[in-house]
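Novice: the following comprises the amino acid sequence and a computationally predicted model.
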Amino acid sequence: MDNKDTPFKDGKGPPNYTNQAMNRDIKELCRLAGIDEEIRVTTYKGNVRTDKIKPKWKLVGTHTGRRTYIDIVDSIKASSMAKFDGLI
């Protein structure tokens, strides 16, 4: 979509909104919405495992929605392809 014909205050374009600022605001909105289920985050450094418990809102960002969408599409695709298994 092109914004060249969209009127803005004082003839200026929309303000810049960095990915970091977007992620910060998404986290704040999720916190305010009460998305605070505790999630275990496991990381490895070499063969040393570290588990931390964090509220879900701290783990949400712009990429979260994208990954969720892809996972849903993949499961629908797999389900649709499974219908053909019985035909062969």
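Specialist: Yep, that arrived. This structure is a prediction, so every number in the text was calculated from the model and none was measured.

Novice: just checking, what packs against the lengthiest helix in the chain?
Specialist: Criterion DSSP state H: the longest helix present in the chain is helix 62-85. Here helix 62-85 touches helix 19-32, going by 3 or more CB pairs under 8 Å, 6 or more residues apart in numbering; DSSP states H and E. For glycine as for every other residue, the C-beta is placed from the backbone atoms N, C-alpha and C.

Novice: partner strands of whichever helix or strand comes after the helix it packs on, parallel or antiparallel?
Specialist: Tracing the chain past helix 19-32, the next element assigned as helix or strand by DSSP states H and E is strand 38-45. Next to strand 38-45 in the sheet, as set by DSSP bridges, lie strand 48-55 (antiparallel).

Novice: what are the buried residues along the strand it pairs with?
Specialist: For strand 48-55, the neighbour count (16 or more other CB atoms under 10 Å) marks residue 55 as buried.

Novice: so what angle separates the directions of it and helix 19-32?
Specialist: Angle, strand 48-55 to helix 19-32, by axes from the mean of the first three to the mean of the last three CA atoms, to 10 degrees: 60 degrees.
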